[in-house]
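In: The sequence isn't on hand, but the structure is:
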């Protein structure tokens, strides 16, 4: 297993370097930092714009390959450059990364856990009323864009607050303005603000993973080894969980690495709708401002998280499938 994971890790390092190169080249060619300065009122002199672009390594009169070489040299030392607004990209990244990870980890974990459980349960109760009802709900969620789910949740929270006469559900920002310090009150306030954004991400993950898990579970329900285990005296529930669900989770571990990118994209719009100052909001604002260095930093964050999800999927696959562990030892 160690050899298998070492090969995968080396493969991911190559992918990360490729993602960094492609992200910079696309951002540097598609965005125009000069237009950001020229749009100011009154527009600054051309010589001043040139100095500012050179200072942040985005002089468009320099070949893009040379600009990338300069950025890569600084990035190798841990410096992702300066934003077009003059702030440090590293500082902004450090401030926003915790916000996004809080949403992604919690929403994805809850969504996958609920989705796997619901999918397996629906497969066992195939064609029952509950299975058909959950299938309808899942397809409704899958056909609804993530940002629309977020907006609908926000509208629902407003309706609940108006009906109750007080703000039961917070739907803007990470915490109440002016609330500082620590303790149970602050924790409860942050949990209330976290509810709707997490639910927005988790609902999409739940619907997606439940459909794949249902299909994977149906493939193994009629397998001979399940009937053999049951004939040996194991209870139906233990057979389904220990043998059926474990086998059905193997293809799901592979899907997790690919599905995480969709969750990450949905979180971008979720942050914007609910006013969370995370990586997604930063990416949208940076594209609007033609901020190349900031866009590349967000893309690197996305690449690292997706590749980490892929590595985690490989670990889960190796733990669930003995053939992978044996293959790793032989290699």
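Out: Ah, there it is. Quick caveat: nothing in here was measured; it's all calculated off a predicted structure.

In: Point to the residue nearest the middle of this structure.
Out: Most central in the chain under C-alpha atoms, centre = their mean is residue 264, positioned 2.6 Å from the mean C-alpha point.

In: Name the helix or strand for that residue, please.
Out: Assessed by DSSP states H and E, residue 264 sits inside helix 246-274.

In: Same question for residue 176.
Out: Judged by DSSP H and E, residue 176 forms part of no helix or strand.

In: by contact count, what packs against the lengthiest helix in the chain?
Out: Longest helix in the chain, counting residues (DSSP state H): helix 184-221. In terms of contact count using 3 or more C-beta pairs under 8 Å, 6 or more residues apart in numbering; DSSP states H and E, helix 184-221 is assigned the packing partners helix 89-124, helix 129-142, helix 146-164, helix 246-274. Bear in mind the C-beta positions are built from the backbone N, C-alpha and C, glycine included.

In: Lowest average confidence across those helices, which one?
Out: Looking over those, mean pLDDT reaches its minimum on helix 246-274, with a mean of 80.

In: buried ones in it?
Out: Neighbour-count burial for helix 246-274 flags 247-253, 256-257, 259-260, 263-264, 266-274 (criterion: 16 or more other C-beta atoms under 10 Å).

In: which helices and strands sit right next to it?
Out: helix 89-124, helix 146-164, helix 184-221, helix 279-288, helix 292-320.

In: What lies in contact with the very next helix or strand once past the third one?
Out: Sequence-wise, the next helix or strand downstream of helix 184-221 (DSSP H and E) is helix 224-231. Applying C-beta atoms under 8 Å, 6 or more residues apart in numbering, the external contacts of helix 224-231 come out as 220, 236, 239, 240, 242, 243, 244.

In: now the helix or strand just after helix 224-231, how far from the chain's geometric center?
Out: Past helix 224-231, further along toward the C-terminus, the next helix or strand under DSSP H and E is helix 236-238. Computed by C-alpha atoms, centre = their mean, to the nearest Å, the chain-centroid distance of helix 236-238 equals 34 Å.

In: How about stretch 59-66?
Out: The chain centroid and the centroid of stretch 59-66 are separated by 32 Å, computed with C-alpha atoms, centre = their mean.

In: next one: stretch 19-32
Out: Relative to the mean C-alpha coordinate of its chain, stretch 19-32 is positioned 21 Å out (C-alpha atoms, centre = their mean).

In: as a whole number, average confidence for it?
Out: When pLDDT is averaged over stretch 19-32, the result is 93.

In: picking that back up, which residues belonging to the longest helix of the chain are considered buried?
Out: The neighbour-count check on helix 184-221 (16+ other C-beta under 10 Å) flags 190, 192-194, 196-214, 216-218, 220 as buried.

In: where's residue 123 relative to residue 209, distance?
Out: Here the distance between residue 123 and residue 209 works out to 13 Å (C-beta to C-beta, to the nearest Å).

In: Same check on residue 197?
Out: For residue 197, the distance to residue 209 (C-beta to C-beta) stands at 19 Å.

In: try residue 42
Out: Summarising the geometry, the distance separating residue 42 from residue 209, computed by C-beta to C-beta, is 54 Å.
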